[in-house]
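> quick one: sequence and predicted model below, then my questions.
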Protein chains: 2
Amino acid sequence: MDDARPLRVQPTRKDRVFVADTVNRRASIRDVAQAAGVSTGTVSRVLNNHAYVSAEVRERVRSVIAQLGYQPSPVGRALSTRTITAIGILIPDMADPVFMVIAQGIESVAKSRGYAVMLANSDREPAQELLFADLMAQFNVAGVLIVGDSRRNDHDLRRRLGVIPTVVIARRAAGNIFPAVTIDHYLAAKAATEHLIELGHRRIGAVRGDPYSDAGTYRFRGYVDAMQGHGIEPDPSLAAGGSFAMSSSVDATHHLCGRPDPPTAIFYPSDELALGGMRVIKDLGFRIPNDVSVISINDIPFATTSDPPLTTVHMPARELGTLGMQTLIDMIAGRGPARDVVLGMDLVIRHSTAPPPSTAG
Amino acid sequence: MDDARPLRVQPTRKDRVFVADTVNRRASIRDVAQAAGVSTGTVSRVLNNHAYVSAEVRERVRSVIAQLGYQPSPVGRALSTRTITAIGILIPDMADPVFMVIAQGIESVAKSRGYAVMLANSDREPAQELLFADLMAQFNVAGVLIVGDSRRNDHDLRRRLGVIPTVVIARRAAGNIFPAVTIDHYLAAKAATEHLIELGHRRIGAVRGDPYSDAGTYRFRGYVDAMQGHGIEPDPSLAAGGSFAMSSSVDATHHLCGRPDPPTAIFYPSDELALGGMRVIKDLGFRIPNDVSVISINDIPFATTSDPPLTTVHMPARELGTLGMQTLIDMIAGRGPARDVVLGMDLVIRHSTAPPPSTAG
DNA sequence: CGGCCGTCTGCAAACGATTACAGTTCGGCA
DNA sequence: TGCCGAACTGTAATCGTTTGCAGACGGCCG
């Protein structure tokens, strides 16, 4: 016989519709369309709740979907709509509880809104941040959340991210080129330092965070201004450190408490550093808060379990995350120009602070 | 010449190639192809380092790519290859440093291998885990990493994940239906308890973790077996708690130390719980380790800053993460059947343990 | 010198969705 | 009765890749 079977242009399509179902293949929109006796366009319309689909068809398609266990492919959709239903989060340090509590807040609302979450760690390195931005641009995520401070390469980030909606979280209070949901590092540090001053301290030491980061510079500046605002010129030799790494805090504390005239109180720019510092203060034979008071910022969960429990300025981490994600969603939806939000922080007085040992002047 | 240019099936394509470039549109593989004067297939082949591309063409395409700043679209690729260049991580609790250090390890090797990371928090709820599995299946990620223990709905997970390569991290040492990179909870707990026994303790209390989780049950079982192995029948009234939540540990510790005959040592199934417990032990007026010794498992960073520094069994968290990701990559590449790996843990003796107060028997 | 094979390249069909656009009904109104 | 528009549905192009297939070219072997 004439073997010239008509040339099959799309040879594989129809054959496998119901067969392949038996085998391991996820149902596609075409399978649904075929089983429901409609076109893929119609299925797509019921999927996206378009108007102009008759109740009868809508129902039939829905039941086929349920029966087949069909789940739409985010990547198919992404290719078509040109944005993937995912958002990206950039974290400076995944091992730091502060940031992860923020991330947790973000994740919870992202999940409830149907967004997948892509997470990357920058290790506080600008190069990593740029790589992340490129990745997000490649995937064309619906939005990006940058948490924590960076070294101010925001313009580079903006260029790489293109038009992708972006909001920053826990940066400095003002002057960001991205919409921001933040706390005021400066005010927090000032409040902490003033608490020390009100307690009667004058020789107050400070451990510095990374001076290239917003948190580092503004928290230190808050300390300085609080001092000067109360007529105390901060002793430069009483400031040490220069990084958010625990080891830096340990060294700085050694330096501060090892000198003949140690400060009566030390301000730390983060609980983590304070916890590390307290360890060496005690090892050096000082009692907290009797000999030296310790105060810091963030209020991570472990601040309550330390000995003594840490007096610190509470950072509303989870709220920062949820609020940040919500404003991102608003931006994605094109709703209003995103207004910056700065959340308040409260000093929570526990037991690492007390009046200085001898109140002699 | 014969003007019969081959019929253009896709009429709109060529028109916008260089125009649209000026406007805001990322370069696509077609733009590269056109600019280099080759077909998209060829561009794809140089992108993927296929053989059979002449050196000259390869070079030309590469330079065009560089010049255009072209970056391939992972979603286009995903649609074509049917797996996205991303892996998924499921974490029980994003605020817990143990898990995040593992995640950090995973992330670092994922990044170096070009995989994006999708992260979800399960909050230790089976329903969340299942949702995660569905999401991963929808995206068709290249692989999935499940970290920490769950409540044993692995078969459900397997069903939803289909053929997606999956490895579990930090589960129980044996009997997982997924390839596993773990530590031996049982042995760790046993070693910790034995340290207490060797110090001379007999009345050893235990705080229990979630009894529905592997970590919870095996860590408690290790405690029990260590006791019995040394001829001590564990007093059931000296076991309290039943969750990995801090509040549970606080209550349990109150219960244990509030009784007329408190234990001389307490075994905690995690550092977090131990840190919380130490706080109440001290608040109750006991000295650590003079009156009561404290030991636990994990060795999170904060274990070194507590007062006293915590004696605990070190869990190689980062290695767990990197190793887990590496075996996942092997599975993705179809390399060998993944062998289970169980990493060793070492007891690190700090200062929360000492012989019991009165060594009278 | 003819055939074959290895190298290189292009063509076009997938992958799974969305969405203009173009019908087709059908009811209502002039 | 004829027409119009609203309601509904299908067709097919499109998003950005990969890849099987086939064609072209050149060298080598018999």
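Yep, it's here. Keep in mind the model is a prediction, meaning the values are calculated, not measured.
> tell me which parts of chain A are close to DNA strand D?
A:37-42, A:45, A:51-58, A:79-80, A:82 (Cβ under 7 Å from any atom of the strand). Using the backbone N, CA and C atoms, a C-beta is placed for each residue, glycine as well.
> 6 Å instead, please
A:V38, A:S39, A:T40, A:G41, A:T42, A:Y52, A:V53, A:S54, A:V57, A:L79, A:S80 (Cβ under 6 Å from any atom of the strand).
> which residues touch A:K190?
By Cβ atoms under 8 Å, 6 or more residues apart in numbering or on different chains, the residues touching A:K190 are A:G222, A:Y223, A:D225, A:A226, A:G229.
> ok, and which of the residues of chain A next to DNA strand D reach DNA strand C?
Contacts with DNA strand C are made by A:T40, A:G41, A:L79, A:S80 out of the residues of chain A next to DNA strand D, judged by Cβ under 6 Å from any atom of the strand.
> and the strand or helix carrying the second one, average pLDDT?
Under the assignment given by DSSP states H and E, the secondary-structure element containing A:G41 is helix A:40-47. This predicted structure assigns helix A:40-47 an average pLDDT of 96.
> which SSE is immediately downstream of it?
helix A:55-68.
> now do that following helix against helix A:40-47, angle only.
With axes from the mean of the first three to the mean of the last three Cα atoms, to 10 degrees applied, the angle from helix A:55-68 to helix A:40-47 works out at 90 degrees.
> tell me which residues of helix A:55-68 come out buried.
A:V57, A:R60, A:V61, A:V64, A:I65, A:L68 (16 or more other Cβ atoms under 10 Å in any protein chain shown).
> is that helix anywhere near chain B?
No - Helix A:55-68 does not reach chain B (Cβ under 8 Å from any Cβ of the partner chain); its nearest approach is 13.6 Å.
> equivalent analysis for stretch A:342-350, please.
No - judged by Cβ under 8 Å from any Cβ, stretch A:342-350 stays clear of chain B, getting no closer than 11.0 Å.
> touching, A:G277 and A:V250? I think so.
Yes - between A:G277 and A:V250 there is a contact at 7.1 Å, judged by Cβ atoms under 8 Å.
> show me where the stretch 251-361 of chain A has helices.
Along the stretch 251-361 of chain A, the stretches classed as helices by DSSP state H, counting those that start in this stretch are A:271-283, A:317-332.
> give me whichever of those is most buried.
Across the helices of the stretch 251-361 of chain A, the average number of neighbours (mean count of other Cβ atoms under 10 Å in any protein chain shown) peaks for helix A:271-283, which reaches a mean of 24.
> quick one on the thing from earlier: most neighbours of all the residues of chain A next to DNA strand D, which one?
Within the residues of chain A next to DNA strand D, most neighbours by other Cβ atoms under 10 Å in any protein chain shown means A:T42, with 22 neighbours.
> quick one, what contacts that one?
Here A:T42 is in contact with A:A33, A:V53, A:V57, A:V61 (Cβ under 8 Å, 6+ apart).
> and stretch A:147-155, what's buried?
A:V147, A:G148, A:D149, A:S150, A:R152, A:D154.
> how about the second one: what's its closest non-neighbour residue?
Counting by Cβ to Cβ, 6 or more residues apart in numbering or on different chains, A:P92 is the residue found nearest to A:G148 once chain neighbours are left out, at 4.0 Å.
> neighbours around the one you found, how many?
Neighbour count of A:P92, defined by other Cβ under 10 Å: 24.
> how close does it sit to DNA strand C?
For A:P92, the distance to DNA strand C equals 35 Å [Cβ to the nearest atom of the strand, to the nearest Å].
> need the ones next to DNA strand C among the residues of chain A next to DNA strand D in JSON lines (columns: distance to chain B).
Shown next, in JSON lines, are those (distance: Cβ to the nearest Cβ, whole Å):
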{"residue": "A:T40", "distance to chain B": "15"}
{"residue": "A:G41", "distance to chain B": "19"}
{"residue": "A:L79", "distance to chain B": "5"}
{"residue": "A:S80", "distance to chain B": "10"}
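> contacting residues for A:D134?
A:R160, B:Q71.
> now do the SS call for it.
At A:D134 the chain is in helix, as set by DSSP: H, G, I helix; E, B strand; the rest coil.
> what does the one 3 residues further on give?
Going by three-state DSSP, the secondary structure assigned to A:A137 is helix.
> is it true that it touches A:R159?
No - A:A137 lies out of contact with A:R159 (Cβ under 8 Å); the separation is 9.8 Å.
> who has more neighbours out of the two?
More crowded of A:A137 and A:R159, by other Cβ under 10 Å: A:A137, with 20 against 12.
> who's in contact with that one?
A:R160, A:L161, A:G162, A:I164, B:R26, B:Q71 are the contacts of A:A137 under Cβ under 8 Å, 6+ apart.
> how about the nearest residue to the second one, chain neighbours excluded?
On the basis of Cβ to Cβ, 6+ apart, the spatially nearest residue to A:L161 that is not a chain neighbour turns out to be A:A133, at 5.2 Å.
> neighbours around the one you found, how many?
A count of nearby residues for A:A133, using other Cβ under 10 Å, gives 25.
> what about it, distance to A:N153?
Taking Cβ to Cβ, to the nearest Å as the criterion, A:A133 is separated from A:N153 by 9 Å.
> and the contacts of A:T42, which is closest to DNA strand C?
Nearest to DNA strand C among these is A:A33, at 8.6 Å by Cβ to the nearest atom of the strand.
> now do the same for that closest one: its pLDDT.
At A:A33, pLDDT is 96.
> also A:A180?
A:A180 is given a pLDDT of 96.
> and it, how far is that from A:A189?
18 Å.
> show me where chain A has its strands.
Using DSSP state E, the strands of chain A run over residues A:84-91, A:116-121, A:141-147, A:166-169, A:180-183, A:204-208, A:239-241, A:265-267, A:293-298, A:311-314, A:341-343, A:346-348.
> ok, and the closest non-adjacent residue to the spatially most central residue of chain A?
Centroid check for chain A by Cα atoms, centre = their mean gives A:V147 as the closest residue, at 3.6 Å. Excluding its sequence neighbours, the residue lying closest to A:V147 (Cβ to Cβ, 6+ apart) is A:I169, at 4.4 Å.
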